[in-house]
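Asks: Just to be clear, the model below is a prediction. Sequence and coordinates:
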Amino acid sequence: MLIIHNTPKEKTIGLAEFDMPPFAMWYQYFLDNPTVRMRIGEEIHGRIKRLVLEKQKLISEIDSFKSFIHCDFRPANMLVDEHRKVFFVDWEAACTGHSFMRRANIYK
């Protein structure tokens, strides 16, 4: 997996690139979700919000880390052979994007 996520964007010419919001916005999408807010409670909600604001500079640097990603990374798309080697399948959604992004619909 590290080889895939370390493939620089320049080597993925021709692949789709998602029009993703800045990584810092992902926290806001998470925190704006009423179900999330209810489940984590106001105290944790506030702590996350303060931490994100405090680390804004570091979080914004994440946007520079774009590479080749699977976009549908889940156990159903992994095969393990008798030697315990893991193979990733179902690559039709692959594209370039944030190295931290597991799924294309993370912010929907």
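Replies: Looks like it arrived, so ask away.
Asks: CA-only coordinates of stretch 29-44 in CSV, if you can.
Replies: Extracted in CSV, the C-alpha atoms of stretch 29-44 (Å, rounded to 0.1, in the frame of the first residue of the first chain):
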residue,chain,number,x,y,z
TYR,A,29,-18.0,18.6,7.1
PHE,A,30,-17.6,16.1,10.0
LEU,A,31,-18.4,18.6,12.7
ASP,A,32,-21.4,20.1,10.9
ASN,A,33,-23.1,16.7,10.7
PRO,A,34,-25.9,16.7,13.4
THR,A,35,-25.6,13.0,14.1
VAL,A,36,-21.8,13.3,14.7
ARG,A,37,-22.4,16.3,17.0
MET,A,38,-25.0,14.5,19.0
ARG,A,39,-22.9,11.3,19.3
ILE,A,40,-19.6,13.0,20.3
GLY,A,41,-21.2,15.6,22.5
GLU,A,42,-20.5,19.4,22.8
GLU,A,43,-17.3,19.0,24.9
ILE,A,44,-15.5,16.8,22.3
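Asks: Off-centre distance for it?
Replies: A distance of 19 Å separates the centroid of the chain from that of stretch 29-44, by Cα atoms, centre = their mean, to the nearest Å.
Asks: Now do the buried residues in it.
Replies: Under the neighbour-count criterion of 16 or more other Cβ atoms under 10 Å, stretch 29-44 has 30, 40 buried. (C-beta placed from N, C-alpha, C; glycine too.)
Asks: Was I right to think residue 89 contacts residue 80?
Replies: No. The pair residue 89 / residue 80 is not scored as a contact, 11.4 Å apart, by Cβ atoms under 8 Å.
Asks: show me where the chain has strands.
Replies: For the chain, strands defined by DSSP state E occupy the ranges 66-69, 78-80, 86-88, 95-98.
Asks: Of all those strands, which one is nearest residue 29?
Replies: Distance to residue 29, taken as Cβ to Cβ, is lowest for strand 95-98 among the strands of the chain, at 13.4 Å.
Asks: So which other helices or strands are in contact with that closest one?
Replies: Other helices and strands packing on strand 95-98, by 3 or more Cβ pairs under 8 Å, 6 or more residues apart in numbering; DSSP states H and E, are strand 66-69.
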